[in-house]
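[1] Provide a 3D model corresponding to the input given below.
(2 chains)
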Protein chains: 2
Amino acid sequence: MSMLDGHEAERKTREQIEAEAELFGPLTSSVRSLIDATVMTDAAPEHIVRARALVEEAAALLDSRRMSAPFGTKWSADGTRRSWGNAVIGLRNPIAPLLEVAYEDGLASAEADLGAAYEGPPGLVHGGVVALLLDQILGGAADHAGVPGMTGTLTVRYRKGTRLGPVRVTARVDRVEGVKTFAVGRVHTADGLCAEAEGIFVLPREVRDMVAEMGRPQ
Amino acid sequence: MSMLDGHEAERKTREQIEAEAELFGPLTSSVRSLIDATVMTDAAPEHIVRARALVEEAAALLDSRRMSAPFGTKWSADGTRRSWGNAVIGLRNPIAPLLEVAYEDGLASAEADLGAAYEGPPGLVHGGVVALLLDQILGGAADHAGVPGMTGTLTVRYRKGTRLGPVRVTARVDRVEGVKTFAVGRVHTADGLCAEAEGIFVLPREVRDMVAEMGRPQ
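    Here you go, the predicted structure:
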C-alpha cells in the first residue's frame, strides 16, 4: 500500500474493476469531447441553449448518487493502483490530458494531444498546463523509482512556446539526497524542446515516521 | 492592442459581447458542473449510459459549427480584452477554475473553489494545478503592471498540501530587470500558506523588436 494513501484497499475483483473502466471511460471521453466542443463552438444560439439543457439533464442523472469523497487513490487486492480522479492522468477525470504514462529503463514518458481547452497565449499551451504535465510526470518517475514524495519545489524553464497539438513529456530521477528525490523532465513538440523542469519530492514527515516505526531501513 | 496578440480587433459592440457572454457563460457553467458530476458520480450504470448519450447529443449540437481556430485573445473597439478560451480564466472554458482576478494597489488576487476535478494526492489539489493558478496570476500581475511577458521561468515552493475547496491566490510584481519582469505570488487556504512562487516573464524577441521599431522608449 502506498505511503501516500489514506484509503483502504478495496475488495473489488479484477473483473469488477474492468467493468467499471468500461462504464466510466467512455463517459469521461465523451465529456472531454464536450469540453472541446464548448470552447470551440460557433453554433446557432438555439443549438447552444438546447445543448445546455441536455448537459443539465446528464449532470442530474450522474448526480442522482454521488461518492461521499473525491476518488483519491484506490488499491485493489492484486496491488493495482487507480488514481481515476487525478487531474492529469485520471480515467474518470474529463480535464485530465495525459492518459497513459509508460516506464522503461528509468524513463517515464507520455504523449498527449492538447486541444483548445489547454490554451494560454493565442495558439499555445498555457504555461501553467505545461507545469501541470511536468509535475505529474516528475512525481510519477520518483514514485516508479521507489523514492516517492509530494512536490516540495517545482522549477520550470520555458524554452519556447508550446504549440497546441501533440506533445511528448518525459522525466527521470536525477538523484536522491537524504529525504529528497530530484527528478528532471522535458516537454517536446514537433518544434523541438519547449520546456524543462526540475522537481524536488519529499515524503511528508508523518509518513517518514511511520516508515521508521515499521523498521524499514532508512 | 496587446504586444502578445496576433488577432485583429473585432468590430463587435459592447451589447453584442454582453449577449455572447450571456449565451456562453451559462453553457460553460453547466459543463463545469457536469465535469464535477462525472468525477463524483456513483449512479446506477443505466443512468451513466443515458447521461453519456445526452452528452454526445449536446456535443454534436455544439459541433454543428466550430470556430476556425482556438479563441485566443480578442479585443473589442473599446479596448476590452477577452481571453475566453484561457485554461485558467476563460469564460468559455469549462476547465478554467479561476473566474475573476481583481487588481488593487499592484496586488492581483483571485479566489476559486476547487472541486474533485482538481485532485492530485487524495483530498488535495494537484501540485500542478497549484502551479497553473500561480502561473496565470503572476502573468496577470506582470501584464497589469505594464511589464507583460511570456513565462520564462516558474518556481513553485510547496509549504503544505492544498486541501480541495476554497483557495485564495495573490501575486504582485517584485522588480523589473531589463527585459525581465519578476513576479511573486502565493496560494492560501483556511489552513494557511500552502505554496509560494516566483515567475520571470519576458517578452518574445520579435515583440521587443516591434516595440523598438515603433520608437517606444526602451
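
[2] What is the end-to-end distance of stretch A:35-49?
    Its start and end residues considered, stretch A:35-49 measures 16 Å (C-alpha to C-alpha, to the nearest Å).

[3] I'd like the mean pLDDT over that stretch, please.
    What stretch A:35-49 shows for mean pLDDT is 98.

[4] Does it reach chain B?
    Yes - using C-beta under 8 Å from any C-beta of the partner chain, stretch A:35-49 reaches chain B at A:35, A:37-45, A:47-49. The C-beta positions use only the backbone N, C-alpha and C, and glycine is treated the same way.

[5] Among these, which lie within helices?
    Judged by DSSP state H, the residues of stretch A:35-49 next to chain B include A:Ile35, A:Ala37, A:Thr38, A:Val39, A:Met40, A:Pro45, A:His47, A:Ile48, A:Val49 as members of helices.

[6] A:Leu114 is in contact with the fourth one, correct?
    No - the pair A:Val39 and A:Leu114 does not pass the contact test of C-beta atoms under 8 Å, sitting 12.0 Å apart.

[7] Could you check which of the two is surrounded by more residues?
    Per other C-beta atoms under 10 Å in any protein chain shown, whichever of A:Val39 and A:Leu114 has more neighbours is A:Val39, with 30 against 23.

[8] Leaving out the residues flanking it, which one is nearest to that one?
    Spatial nearest neighbour of A:Val39, excluding adjacent residues (C-beta to C-beta, 6 or more residues apart in numbering or on different chains): A:Ala116 at 4.5 Å.

[9] A:Ile35 is in contact with the one you found, correct?
    No - contact criterion C-beta under 8 Å: A:Ala116 and A:Ile35 do not qualify, at 9.1 Å.

[10] for chain A, what spans make up the helices?
    With DSSP H as the criterion, chain A has helices spanning A:14-40, A:45-62, A:127-144, A:205-213.

[11] out of the ones in helices among the residues of stretch A:35-49 next to chain B, who has the most neighbours?
    A:Val39 (30 neighbours).

[12] Enumerate every residue touching that one.
    Residues in contact with A:Val39 (C-beta atoms under 8 Å, 6 or more residues apart in numbering or on different chains) are A:Gly115, A:Ala116, A:Ala117, A:Glu119, B:Pro70, B:Phe71, B:Gly85, B:Gly90, B:Arg92, B:Asn93, B:Pro94.

[13] Please apply the same query to A:Phe201.
    A:138-139, A:142, A:147-152, A:180-183.

[14] Residues in a beta bridge with it, which ones?
    Taking DSSP bridges as the rule, A:Phe201 bridges to A:Thr151, A:Thr181.

[15] per-residue confidence at A:Met1?
    Taking A:Met1 on its own, its pLDDT is 33.

[16] Check which helices and strands the worst-scoring helix or strand of chain A on mean pLDDT sits against.
    Each helix and strand of chain A was given a mean pLDDT (mean pLDDT, DSSP states H and E); the minimum falls on helix A:205-213 at a mean of 75. Applying 3 or more C-beta pairs under 8 Å, 6 or more residues apart in numbering or on different chains; DSSP states H and E, we find helix A:205-213 packed against no helix or strand.

[17] buried ones in that helix?
    A:Val207 (16 or more other C-beta atoms under 10 Å in any protein chain shown).

[18] Same check on stretch A:20-28?
    A:Glu20, A:Phe24, A:Leu27, A:Thr28.

[19] Need the contact partners of it.
    So stretch A:20-28 is contacted by A:12, A:84, A:91-94, B:38, B:45, B:48-49, B:51-52, B:55 (C-beta under 8 Å, 6+ apart).

[20] measure stretch A:95-111 end to end?
    Stretch A:95-111: ends 15 Å apart by C-alpha to C-alpha.

[21] Correction: the previous question concerned stretch A:76-85.
    16 Å.

[22] max-length strand in chain A?
    If you go by DSSP state E, chain A has its longest strand at strand A:165-177.

[23] Adding distance to B:Val207, write the residues of stretch A:35-49 next to chain B out as a markdown table.
    Shown next, in a markdown table, are these (distance: C-beta to C-beta, whole Å):
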| residue | distance to B:Val207 |
| --- | --- |
| A:Ile35 | 31 |
| A:Ala37 | 32 |
| A:Thr38 | 31 |
| A:Val39 | 26 |
| A:Met40 | 27 |
| A:Thr41 | 31 |
| A:Asp42 | 29 |
| A:Ala43 | 34 |
| A:Ala44 | 37 |
| A:Pro45 | 37 |
| A:His47 | 38 |
| A:Ile48 | 35 |
| A:Val49 | 40 |
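
[24] domains for chain A, by residue range?
    A:1-96, A:100-210 (automatic domain parsing).

[25] Please identify the deepest-packed of those.
    Greatest average neighbour count among the domains of chain A goes to domain A:100-210 (a mean of 20), per mean count of other C-beta atoms under 10 Å in any protein chain shown.

[26] picking that back up, looking at the residues of stretch A:35-49 next to chain B, spot the one nearest B:Asp63.
    A:Ala37 (4.9 Å; C-beta to C-beta).

[27] show me the contacts for the closest residue to that closest one other than its chain neighbours.
    Setting aside the residues directly before and after it, A:Ala37 is nearest to B:Leu62 in space (C-beta to C-beta, 6+ apart), at 3.8 Å. B:Leu62 makes contact with A:Leu34, A:Ala37, A:Thr38, A:Met40, A:Thr41, A:Ala43, A:His47, A:Ile48, A:Ala51, according to C-beta under 8 Å, 6+ apart.

[28] likewise A:Gly128?
    Here A:Gly128 is in contact with A:Gly120, B:Ala87, B:Val88, B:Ala131, B:Leu132, B:Leu133, B:Leu134, B:Asp135, B:Gln136, B:Leu154 (criterion: C-beta under 8 Å, 6+ apart).

[29] Hmm, the second one is touching A:Gly115, no?
    No - in this structure, B:Ala87 sits apart from A:Gly115 without contact. The criterion is C-beta under 8 Å, and the distance is 10.6 Å.

[30] quick one: stretch A:67-77 to chain centroid distance?
    Taking C-alpha atoms, centre = their mean, to the nearest Å, one finds the center of stretch A:67-77 at 15 Å from the center of the full chain.
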